[in-house]
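Enquirer: Got a predicted structure here, sequence first:
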Amino acid sequence: MSPLSSCPTVVLLTVYRPQPRLTDLVERLYAEMPAGSHVVVVDDGNGPGCQDLFDAVRDLGATVLRHPANLGKGAALKTGFAHVRTTYPRADVVCADADGQHHAADVLRVSELIRPGSIVLGVRRLDQMPMSSRLGNTITGALFRAVTGYPIDDTQTGLRGFSAGLLDWLCTVPGDGFDYEMNMLLDAASAGRPIEAVSIPTRYLDGNSASNFSGVSDSVRVYRPLLRYTAATLTGQKQDRRTAATGG
């Protein structure tokens, strides 16, 4: 039996190049989430210089998992999902960014909408994004909508809720970097999984300087599976769409 079998939600934070506000977020999560909720933090290869910060969030009650080297956001998410699947098998999971874009209230809003078998995305308003982010998200969202039929404008959101029954599937989706999140949505669309979107405030702090999305290289990783999926759709090969979505 899980040591916290009645846990309604686990909040999963993957952290690379952490900001001091991480401790504030964990503290607010424990203050505002329902009793029994838990926070799992994945230290994605940050090194000994960040140890004090991770010790602080551990002292607040969070579980801290550590990668000895930076493996990428997708790898960190799957490490977290595997831990939750083993330790809190009945818990739904909400993934959130730890750079200040997502507040405890946003996480709570997403968690309240999770239903068995469902995915809930906390989406930002495109017209409130900086121009560079707005252009990329607009193009990606339009292409995703055209090839999958799912009306999701903000496909790059890091705030995502998953019901407990999806954890096995989440651990099998390929991708170790930012491509993992796109692969996840494409595979969900191919399988006809329900995806719900809920609006959250659009926050970019300090010119989005805390983001670990590295421009061209990460954009290529995001677009590659989407373009494969589009090509399969245009040729009318349904099975190939499912393969393309998972990079197989």
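Expert: Good, I have the coordinates. Residues are numbered from 1 along each chain as shown.

Enquirer: burial of Pro34, as a residue count?
Expert: For Pro34, the count of nearby residues is 11 (other CB atoms under 10 Å). Heads up, the C-betas are built off the backbone N, CA and C, glycines and all.

Enquirer: Isn't it up against Val10?
Expert: No. With contact defined as CB atoms under 8 Å, Pro34 does not reach Val10; the gap is 11.7 Å.

Enquirer: Need the pLDDT of the most centrally placed residue in the chain.
Expert: Centre of the chain computed as the mean C-alpha position; nearest residue by CA atoms, centre = their mean is Gly158, 4.0 Å away. Confidence at Gly158, expressed as pLDDT, is 94.

Enquirer: That one against Asp106, yeah?
Expert: No. Here Gly158 does not reach Asp106: they are 10.7 Å apart, not a contact under CB under 8 Å.

Enquirer: list residues touching both of the two?
Expert: Ala96 (CB atoms under 8 Å, 6 or more residues apart in numbering).

Enquirer: Show me where this protein has its strands.
Expert: With DSSP state E, the ranges of strands along the chain come out as 9-15, 38-44, 63-67, 92-96, 119-123, 160-162, 195-199.

Enquirer: As CSV, the ones you listed with distance to Cys171 and mean neighbour count would be great.
Expert: CSV is the format used below for the strands of the chain (distance: least, CB to CB, whole Å; neighbours: other CB atoms under 10 Å):
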stretch, distance to Cys171, mean neighbour count
strand 9-15, 13, 26
strand 38-44, 14, 24
strand 63-67, 14, 17
strand 92-96, 11, 26
strand 119-123, 15, 23
strand 160-162, 11, 25
strand 195-199, 19, 15
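
Enquirer: To Phe144, which of these lies closest?
Expert: Closest to Phe144 of these is strand 195-199 (CB to CB; 10.6 Å).

Enquirer: low pLDDT regions in the protein?
Expert: Scanning the chain for pLDDT under 70 picks out 1-7, 126-135, 205-220, 234-248.

Enquirer: count of residues packed around the residue nearest to Gly122 when sequence neighbours are not counted?
Expert: Leaving out its chain neighbours, the residue that sits closest to Gly122 by CB to CB, 6 or more residues apart in numbering is Leu159, at 3.4 Å. Close neighbours of Leu159, defined as other CB under 10 Å, add up to 23.

Enquirer: What segments of the chain are helices?
Expert: 21-32, 51-59, 73-87, 104-113, 131-148, 167-170, 179-190, 215-234, 238-245 (DSSP state H).

Enquirer: right, and these - which one's nearest Ala98?
Expert: Across these, closest to Ala98 is helix 21-32 (CB to CB), at 5.1 Å.

Enquirer: Tell me the buried residues in stretch 221-238?
Expert: Arg221, Val222, Tyr223, Pro225, Leu226, Arg228, Tyr229, Thr230, Ala232, Thr233 (16 or more other CB atoms under 10 Å).

Enquirer: Please dump those into JSON lines; it should also carry distance to Pro18 for every row.
Expert: Shown next, in JSON lines, are the buried residues of stretch 221-238 (distance: CB to CB, whole Å):
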{"residue": "Arg221", "distance to Pro18": "22"}
{"residue": "Val222", "distance to Pro18": "23"}
{"residue": "Tyr223", "distance to Pro18": "28"}
{"residue": "Pro225", "distance to Pro18": "28"}
{"residue": "Leu226", "distance to Pro18": "29"}
{"residue": "Arg228", "distance to Pro18": "33"}
{"residue": "Tyr229", "distance to Pro18": "33"}
{"residue": "Thr230", "distance to Pro18": "36"}
{"residue": "Ala232", "distance to Pro18": "38"}
{"residue": "Thr233", "distance to Pro18": "39"}
